[in-house]
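# Sequence and predicted structure, then a few things I'm wondering about:
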Amino acid sequence: MKNIVIIPTYNEIENVEDMIRTVMGLDFDVDVLVVDDNSPDGTAQCVQSLQKEFNNVFLESRQEKNGLGTAYIHGFKWCLAKGYDYIFEMDCDFSHNPIDLERLWDACQNGKGDVAVGSRYVDHLVNVVNWPMGRVLLSYFASMYVRFITRMKIMDTTAGFVCYSSEVLQSINLDKIRFRGYAFQIEMKFTAIKHGFTISEVPIIFTDRTKGTSKMSKGIVKEALFGVIQMKIQSWFKKY
């Protein structure tokens, strides 16, 4: 089985080397694809230097910062073209623990789901470290809102730590995925379910970044709040 984790970056010079070395040091066999949006801080150059040491670290450099969703779509297409069996999403800032990659893979590999989600909210527990209470509440109730609108049964609808089997990504028309911010995560899960795939939630502990700057913005929140309703309505007129 060929496994790869996609790590989108923009100004992650403080994290990217530590993240790559951590993933490369795992017992779990996984390659790394960094999709960098022309970071002015030298993130891509750092990855290039590490490629001399690791032959299974890859870099795709884009010309401009164009959103999380488009970075992942770019990465998905690259990985599918290379024949990977399991494709992961993971943040570069260590909010997702690389050790949990194998647990997500195991959930997919052993038939628990076609998609495995690293969930912060399994069994109504909130497994988040270092977030201010306001952001915890925003994230938790955002997931409740998304579940209400979409009728998805998963607890952490906005989770960004995900393992996809290649079959799922091959079945989805990636060019039709419209969201660019964190609502992209909602749309991908919703679309996978509409195609008849199952999603398994694996409990994780989410730890907020200690280095670098968060990419969250009011525009991203607005896209998630209002875009979900539009996505649901449009789904009534689509064939999956």
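Looks like it came in fine.
# ok, the closest residue to Gly69 other than its chain neighbours - how many residues close by?
Counting by C-beta to C-beta, 6 or more residues apart in numbering, Gly69 lies nearest to Phe184, which is 3.2 Å off, once chain neighbours are set aside. Using the backbone N, CA and C atoms, a C-beta is placed for each residue, glycine as well. For Phe184, the neighbour count with other C-beta atoms under 10 Å is 26.
# So in that sheet, which strands flank the helix or strand encompassing Ala116, and in what orientation?
Following DSSP states H and E, one finds Ala116 within strand 115-119. Using DSSP bridges, strand 115-119 pairs in its sheet with strand 162-165 (antiparallel), strand 199-203 (parallel).
# so which of these gets nearest Met155?
Met155 lies closest to strand 199-203 among the strands paired with strand 115-119, at 6.2 Å (C-beta to C-beta).
# Contacts for the closest one, please.
Applying C-beta atoms under 8 Å, 6 or more residues apart in numbering, the external contacts of strand 199-203 come out as 100, 103-104, 107-108, 112-119, 122-123, 125, 127, 152, 154-156, 189, 192-193.
# Looking at those, which are in strands?
Among the contacts of strand 199-203, the ones falling in strands (DSSP state E) are 115-119.
# burial count for Leu137?
Leu137 has 12 neighbours, counted by other C-beta under 10 Å.
# Now do the same for it: its pLDDT.
Model confidence at Leu137, given as pLDDT, is 75.
# The lowest-mean-pLDDT helix or strand in the chain pairs with which strands?
Every helix and strand of the chain was ranked by mean pLDDT, DSSP states H and E. The lowest is strand 128-129, at a mean of 72. Note on strand 128-129: by DSSP bridges, its sheet partners are strand 206-207 (parallel).
# tell me the mean pLDDT for the partner strand?
The average pLDDT within strand 206-207 is 86.
# which residues touch that strand?
Applying C-beta under 8 Å, 6+ apart, the contact partners of strand 206-207 are 94-97, 118, 120, 127-131, 161.
# Also stretch 28-35?
Residues outside stretch 28-35 that contact it (C-beta under 8 Å, 6+ apart): 2-9, 16, 20, 23-24, 43-44, 47, 54, 56-60, 62, 71-72, 74-75, 78-79, 84, 88, 92, 101-102, 105.
# Next: stretch 107-114.
Contacts for stretch 107-114 (C-beta under 8 Å, 6+ apart): 1, 86, 115-116, 163-165, 167-168, 192, 197-200, 202.
# Could you tell me which ranges of this protein sit under the pLDDT cut-off?
For the chain, residues meeting the criterion pLDDT under 70 lie at 123-126, 130-131, 134-135, 209-210, 212-221, 224.
# My understanding was that the residue nearest to Gly69 contacts Tyr72; is that so?
Yes. If you go by C-beta atoms under 8 Å, Phe184 and Tyr72 touch, sitting 6.7 Å apart.
# ok so, going back, please identify the deepest-packed of the strands paired with strand 115-119.
strand 162-165 (a mean of 25; mean count of other C-beta atoms under 10 Å).
# How far does that one sit from its chain's centre?
From the chain centre to the centre of strand 162-165 is a distance of 9 Å (C-alpha atoms, centre = their mean, to the nearest Å).
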